[in-house]
Structure formats: structure tokens, C-alpha cells
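A.B. asks: Model the following, please.
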Amino acid sequence: MKDGVNGVALAVFIFFFLAVTVMGFLAARWRKAENESLDEWGLGGRSFGTWVTWFLLGGDLYTAYTFVAVPAAIYAAGAAGFFAVPYTILVYPLIFTFLPRLWSVSHKHGYVTTSDFVRGRFGSKGLSLAVAVTGILATMPYIALQLVGIQAVLDVMGVGGGEDTNWFVKDLPLLIAFGVLAAYTYSSGLRAPALIAFVKDTLIYIVIAVAIIYIPIKLGGFDDIFAKAGEAFAQTNPATGKPRGALAPGEAGQWTYATLALGSALALFMYPHSITATLSSRSREVIRRNTTILPLYSLMLGLLALLGFMAIAAGIKVQNGQLAIPQLFETMFPDWFAGVAFAAIGIGALVPAAIMSIAAANLFTRNIYKDFIRPDATPAQETKVSKLVSLLVKVGALVFVLTMDKTVAINFQLLGGIWILQTFPALVGGLFTRWFHRWALLAGWAVGMVYGTLAAYGVASPTQKHFGGSSAEIPGIGEIGYIGLTAFVLNVVVTVVLTFVLKAAKAPEGVDETSPEDYTADAGDPGVQTELPPATAGSSH
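C.D. replies: A predicted model of the protein is given here:
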């Protein structure tokens, strides 16, 4: 690491940061409607076309944490970190089957969140509340990790001083970045990250294209890179007494690799921010097109993952693995281009953090505040509450980052993935069938949440006693697999068995406010609306 502040890199970083800040505030005027509603602030007026949605979803899913953590996982343990590549390949055929249906029914009924749909489909505020709380809990550590990504870049640039520096001076750059993010999100809503995503994704594609060509040339080619990585992984890890990693997953790790990839694919579009970006598009066809062109990001992710091997070959030594890739950029690139790379990571944190805070705020407003506190809230009141909650969510994430060890944030994000997967039966199952009983879905969700949390609590690592990972032994099989997927299977089994029992007992089922044609409706079809009219907005379903 270079001594002192890297002035050139910092200047380039600040230039791009200021540029996107201006764009964030100007976005308030972009396609702005006269009325103030949650549709306008939280979903961009449901008006985004194919390319805006593509950039928004890309900015939403491929975050600063992805940029830092995926190659960092490969830097630390080898090819096991590549699970992120097959899971993003698996996810797009999956979402092609259900996202257009969710868009259609949400557009028809003015649903803003997944919990809105679950409440309308099953007539259950309790189940809706469970989905909303799960979404908020899973999103909070995700936002915190975006701030961790910004902090990693600032550390490598030498901004804020060392560990002995006064805490306020050390964290001041992060506080400034947070303040700017909070201000333009409050002002512009979803339009701000939608506009900034163009800059963020362009920078990331440029940085990856340059890195995948320039760095291997400087390191002697991929043959040397893989040879040095293989030698490094063969060395014994003193903490475990086993090899540090492997260039290819061993037989013992195949169940872990496969279940983690599949479970992550099932969970990705359960996250509230993924759905918020989806529902902001203007037509069903936009969603279908996006599921066919989003795999371009998977290609980028595969190239990005190779940076982990390059960091080993370049001799990068860091205590915190999250610093490996920023340090690689500073070591290998000229200072001015390192600044471009750092800007890509920094802006790559701002875009998803904004969308995530908006998504969490929408869940609170529609499915807690409106359903349980103030059912007669007007659209303007909903928007005001959502704006305030989006600020509180970001403050919570900031406090989390500043007061806790970074590994805690990572562990809670892993736990969030286990939790959010438990909403899959209610959401995706509900999009295709009304057969599941609402009480059975709630019981299945509870079983999955409890099992997943307890199993994760029991996982130890060389550095901590609890929440040390997301894989554990699969009951009845004996193989090590992803806890979230095991919890999901238990969730489904409980849901199916209890549905048979409750239907046999003729337990009351809620009223379904949707109809079969709602799931294939498109913009412009008769009866399809783009926002809730005042009369509907005051109802409690």
C-alpha cells in the first residue's frame, strides 16, 4: 500500500462522485409527474424502458460488494468463490417464468411491494407482514455492505488516516458520502439511482475490460497467474491445518458449491430491491427483454472473478480480504486509472444502496404503516413516510458499519440470504397457484426462518464461534450444503403438509382479489392502471 494519500486517484474519484451527485439531484426533474405518490417516488412512475431498466437492475444486482467480495472470495479460497457465476446463470431462466406475471398483476392492482401482492392474493395481512419484515431485515445488512465497499476504497486511497486517527476524521469521508446519498435519494427517489446507473455500469465495464487485458500482460499472462495461484492455494492455512484453497473445487465441496449456487439463484429476486427495480418498468415486454440481456452481466462477473487470481499473482498481501482488489488496482494501474476504478466501486455502492433503502422504505410504508397504523393514509402521506424511513434505514446501516466489525456485516448479509429465500413459496408459489393455504405458508415461513437462523448460529469459523458461514450438514444426507436451501426445503414440506391438513379441516381461506387474466395483463390493456386511485389507496384489502 502506498504511503499517504493517493492524490491523483482521489481527485479522479472526487470528480466522478461530484458528477453523479449532480445527476442524482437533477433526476428529480426527469419524467417527473405532477402528483406525489409512492408510484412516482418509489417506482419512478413505472415508466422505465428496456435500457433504463437494464442499467437499473444491473446497478441493483451487481453492487460494490460484488465488485469487492467475489474476487476477494477467490483470493482467499480459490474456485469455490466462483459459485456466483453459475448462480447468476441459473437465475435468468427462473425469473423469465415469474417476473412478467408479477409485473402484470402488480400493474393491474397498483401493488408497490411483494407484500402487497401476497396480501392481495391470499387475503392475509399476517403473511404480508411476515414477508415485509423479512425483506427489511435482509436488506439492512446489504446496505451496510455497500458502505463497507466505499470504506475499502477510501482506505486504499489513504483517506481518513490510520487506525489511530480520531474516529470523526477517519470516518468523515464516509459520512460525507452517506449524506450526499441520503439527500438525493430523499429528493429524487428511484429516478436518482436509475440515472446514475448509466455512469456506474459504464465505468465498471471499462475497468473490467482494461483489467482483464492490461493486468495479465504486466503479470506475464494467464499461465503464470494460474501457476502462482495454484502454488499459493497449496500452502497450508495455519488456522485450519488444511490447504488454503484450490483452483478447482474438490469432491468434498461439490454439494456446498451446487446448493449455494442454486439457493442463491432462488433468493436473488426475492430481495425487495430486485422487485422495486422490476416494477419500475413500463411494460411486461420490458421485463421479458431484460431477462434475455441481463446475462451480459454474468459474463462481466466471470471476468471480474479472475481478479482474485491476479491479486495473488501480483503478490497482494492484505489482512482484510475486502481490500485485495482495491489494492490490486492501486498497485497495477496508473494513479489516474486507479481513480477511475475506485470511482466505479464507489458509485457501484451508491446505486444499490439507494434502491435498497427505497425498497425497504416502501415495505414499511405499505405493509406496516398503511396496513396496521394508518389505513386511511393518502398517497402524499405514504410518500412522506417512505422518504423519512429511507433516511432511517440508511442511518441504521451507517451506524452498523461504524460501530461493528466488518465481518459482522458480512455474516448478517449471509443470514439475510437465508431469510429472504423463505419468502419464495408465498411469492412465486402465489403467482402460479392459489392452492397453498395462507396459514400453511406462514407456518412454513416460520419453520424455515427458525431452522435457518439456528443452523447458521451453530456454524463456527477459525475467527468466530457463531455465524461463521452459511453452510452446514444437510439432515438425512450427511453432506455439507447451503443452509438457506435446506431451510427452504423444510419450508415447502411444512407448507404442503399443513395445506392438506387445513383444507381437510375446512380452515377459512382469505379472499383472492386477483383474477387469472391479471397475470398476463400488459400496459394499455383495459383496466390496467399505473397507480392506485384515491378510492383504492384508502382500502385495507
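A.B. asks: Which of the three states applies to the nearest residue to residue 153 once chain neighbours are set aside?
C.D. replies: The spatial neighbour of residue 153 that comes closest, neighbours along the chain excluded (CB to CB, 6 or more residues apart in numbering), is residue 342 at 4.6 Å. Backbone N, C-alpha and C define where each C-beta goes, glycine included. Assigned with DSSP: H, G, I helix; E, B strand; the rest coil, residue 342 falls in the helix class.
A.B. asks: what pLDDT does residue 342 get?
C.D. replies: The score at residue 342 is 91. That number is its pLDDT.
A.B. asks: Quick check: it vs residue 186, distance?
C.D. replies: Summarising the geometry, the distance separating residue 342 from residue 186, computed by CB to CB, to the nearest Å, is 26 Å.
A.B. asks: Tell me which of the two has more neighbours.
C.D. replies: Neighbours of residue 342 and residue 186, each counted by other CB atoms under 10 Å, are more numerous for residue 342; the result is 29 against 20.
A.B. asks: for the more buried one, what are its contacts?
C.D. replies: With contacts defined as CB atoms under 8 Å, 6 or more residues apart in numbering, the neighbours of residue 342 are 9, 12, 13, 153, 156, 157, 326, 329.
A.B. asks: pretty sure the third one is touching residue 339, no?
C.D. replies: This points to residue 13. Yes: because the distance of 5.0 Å satisfies CB atoms under 8 Å, residue 13 is recorded as touching residue 339.
A.B. asks: can you map out the helices along the stretch 101-250 of the chain?
C.D. replies: Using DSSP state H, counting those that start in this stretch, the helices of the stretch 101-250 of the chain run over 114-122, 125-157, 167-188, 191-219, 222-234.
A.B. asks: Kindly present those as a markdown table, with separate columns for mean pLDDT and distance to residue 274.
C.D. replies: Converted to a markdown table, the helices of the stretch 101-250 of the chain look like this (pLDDT from 0 to 100; distance: least, CB to CB, whole Å):
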| stretch | mean pLDDT | distance to residue 274 |
| --- | --- | --- |
| helix 114-122 | 95 | 10 |
| helix 125-157 | 89 | 10 |
| helix 167-188 | 79 | 18 |
| helix 191-219 | 89 | 13 |
| helix 222-234 | 90 | 33 |
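A.B. asks: Dump those into a markdown table; add distance to residue 393 as well.
C.D. replies: Formatted as a markdown table, the entries for these read as follows, by distance: least, CB to CB, whole Å:
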| stretch | distance to residue 393 |
| --- | --- |
| helix 114-122 | 16 |
| helix 125-157 | 7 |
| helix 167-188 | 10 |
| helix 191-219 | 14 |
| helix 222-234 | 39 |
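A.B. asks: Of those, give the one that comes closest to residue 373.
C.D. replies: Taking CB to CB as the criterion, residue 373 comes closest to helix 125-157 out of the helices of the stretch 101-250 of the chain, the separation being 11.8 Å.
A.B. asks: what comes up buried for that closest one?
C.D. replies: Applying a neighbour-count criterion of 16 or more other CB atoms under 10 Å, the buried positions in helix 125-157 are 125, 127-157.
A.B. asks: averaged over its residues, what pLDDT does stretch 390-401 have?
C.D. replies: Stretch 390-401 shows a mean pLDDT of 85.
A.B. asks: out of the helices of the stretch 101-250 of the chain, nearest to residue 483?
C.D. replies: Ranking the helices of the stretch 101-250 of the chain by proximity to residue 483 (CB to CB) places helix 125-157 first, at 14.2 Å.
A.B. asks: Report the angle between that closest one and helix 114-122.
C.D. replies: For helix 125-157 against helix 114-122, the angle between stretch directions is 160 degrees (axes from the mean of the first three to the mean of the last three CA atoms, to 10 degrees).
A.B. asks: between helix 125-157 and helix 167-188, what angle do the directions make?
C.D. replies: Between helix 125-157 and helix 167-188, the angle formed by their directions is 130 degrees, by the same axes, to 10 degrees.
A.B. asks: residues contacting the nearest residue to residue 55 once chain neighbours are set aside?
C.D. replies: Distances taken as CB to CB, 6+ apart place residue 197 nearest to residue 55, at 4.1 Å, with adjacent residues excluded. By CB under 8 Å, 6+ apart, residue 197 lies in contact with 55, 56, 58, 59, 60, 351.
A.B. asks: didn't the second one look like it was pressed against residue 280?
C.D. replies: Yes: shown here, residue 56 and residue 280 form a contact pair, counting by CB under 8 Å, at 6.8 Å.
A.B. asks: Find the residues that touch each one of those two.
C.D. replies: Shared contacts of residue 56 and residue 280 (CB under 8 Å, 6+ apart): 48, 190, 194.
A.B. asks: list the contacts for the last one?
C.D. replies: Residue 194 makes contacts with 27, 44, 48, 52, 55, 56, 280, as judged by CB under 8 Å, 6+ apart.
A.B. asks: about what we covered before: between the helices of the stretch 101-250 of the chain, which gets nearest to residue 389?
C.D. replies: The closest approach between residue 389 and any of the helices of the stretch 101-250 of the chain, judged by CB to CB, belongs to helix 125-157 at 9.4 Å.
A.B. asks: How far away from the center of its chain is that closest one?
C.D. replies: Using CA atoms, centre = their mean, to the nearest Å, the mean C-alpha position of helix 125-157 is found 8 Å from that of the whole chain.
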